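A.B. asks: the sequence isn't on hand, but the structure is:
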């Protein structure tokens, strides 16, 4: 299996080289790793106290961020190194001020892992949720460097529980400690690891969204656009979501407004949305009008967000929030960023592998639908019944508050066992 794993990495790298000719993300992935060890060695030279956190992409970064920022506060004498595997994480957060350095993670070959660990020599390594890299974990273990996995989920469908999962089970044994989100994950993981190496801490995303709401800053152009009207904020949407939202608007007689922040903001997709919603205004246009003191045309009831980084604040303005991705194989995006504001949350049918979405549905703070007709029914029931709208929003907000605290549990373990 080790031979197969290393062979796969070589094939993967070859595939990246080929993909650079037609895929911008592949090019970013490869270019970002050029001369990476030289740059890394220059950056960390002379810094003996380093804490390293690795995230696959942007979502995992947001999950690890509360822990990273607590480490910065509690251990100011340490430097923080943040690495990403994916361009969608690195390119957006490469200038993140909460870490001392932000890099791509070199591919997980034995040579790269040895050189990386020798160069950085972290006092603690933190992996977020789904990141399992055999050579890095083995090198950390062989050098007696504590390594932890946070906000992890373990279901019977994972490779660790398959008859052919021995190689992956070995990776788990390299961790010093694993923090899981729920009791079922601990129960499943306990079949492979001793109970004292596992802690049910919860999901650090609850802590992260609580940070967001506590530091909320208004978005003036959006406030002017909303102007006391009923608003649906739709975040991380895909074409299936967007077509259903179009049907919803066309089928309602009410004076409502839609703020839509698509998952993809490249030109072709923004053009698709502009054609889909004729009565639209781009956020960049709305911002310019706001700066000049000019009101948008009265018939513009849709704002298309054509930038990245605002979504977590946009949900504040929703009467109801809509989360995209529920018609994709990978499933829905982050529901907690919306639920924390105490508004009902709606999403498509593919949500079953997301425990927070299940929790919202069980508490009547979240609603799933499978057709545009079903979406309209849910929205009308909420908007025409103030009591249900309020109770549903309260249920969503309460669900988030009840699950805060994972970061504290992780930090307590680090203080007691590492520093």
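C.D. replies: Here it is on my side, so go on. Being a predicted model, the structure only gives us computed values, none of them experimental. Residues are numbered from 1 along each chain as shown.
A.B. asks: all strands of the stretch 201-350 of the chain, in order?
C.D. replies: 230-237, 256-262, 280-282, 302-304, 320-323, 345-347 (DSSP state E, counting those that start in this stretch).
A.B. asks: in a markdown table: the ones you listed, plus mean neighbour count and distance to residue 313.
C.D. replies: C-beta coordinates here come from the backbone N, C-alpha and C atoms, glycine included. What follows is those, written out as a markdown table (neighbours: other Cβ atoms under 10 Å; distance: least, Cβ to Cβ, whole Å):
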| stretch | mean neighbour count | distance to residue 313 |
| --- | --- | --- |
| strand 230-237 | 24 | 10 |
| strand 256-262 | 23 | 10 |
| strand 280-282 | 19 | 18 |
| strand 302-304 | 25 | 13 |
| strand 320-323 | 28 | 12 |
| strand 345-347 | 28 | 16 |
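A.B. asks: tell me, how many residues neighbour residue 416?
C.D. replies: 8 (other Cβ atoms under 10 Å).
A.B. asks: what sits up against the helix or strand hosting it?
C.D. replies: Applying DSSP states H and E as the criterion places residue 416 in helix 406-417. Contacts to helix 406-417, defined as Cβ atoms under 8 Å, 6 or more residues apart in numbering, come from residues 66-67, 70-71, 74, 124, 146, 148, 150-151, 176-177, 179, 181, 199, 201-204, 206-207.
A.B. asks: keep only those of those that are in helices.
C.D. replies: 66-67, 70-71, 74, 204, 206-207 (DSSP state H).
A.B. asks: how many residues are close by the nearest residue to residue 197 once chain neighbours are set aside?
C.D. replies: Excluding its sequence neighbours, the residue lying closest to residue 197 (Cβ to Cβ, 6 or more residues apart in numbering) is residue 177, at 5.6 Å. Per other Cβ under 10 Å, the neighbour tally for residue 177 reads 19.
A.B. asks: show me what contacts residue 177?
C.D. replies: Neighbours of residue 177 in contact, by Cβ under 8 Å, 6+ apart: 146, 148-149, 197-199, 413, 417.
A.B. asks: report the buried members of the residues you listed.
C.D. replies: 146, 148-149, 197-199, 413 (16 or more other Cβ atoms under 10 Å).
A.B. asks: which one of the residues you listed sits closest to residue 267?
C.D. replies: residue 149 (38.6 Å; Cβ to Cβ).
A.B. asks: for that closest one, list each beta-bridge partner.
C.D. replies: Beta bridges link residue 149 to residue 127, residue 178 when assigned by DSSP bridges.
A.B. asks: that one contacts residue 181, doesn't it?
C.D. replies: No: counting by Cβ atoms under 8 Å, residue 149 sits too far from residue 181 to count as a contact (11.1 Å).
A.B. asks: what sits in contact with each of the two?
C.D. replies: Counting by Cβ under 8 Å, 6+ apart, nothing touches both residue 149 and residue 181.
A.B. asks: follow-up on the earlier one: just the buried subset of the contacts of helix 406-417, written out for PyMOL, thanks.
C.D. replies: Remark: buried members of those, expressed as a PyMOL selection using 16+ other Cβ under 10 Å:
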select buried, resi 66+67+70+71+124+146+148+150+151+176+177+179+181+199+201+202+203+204+206+207
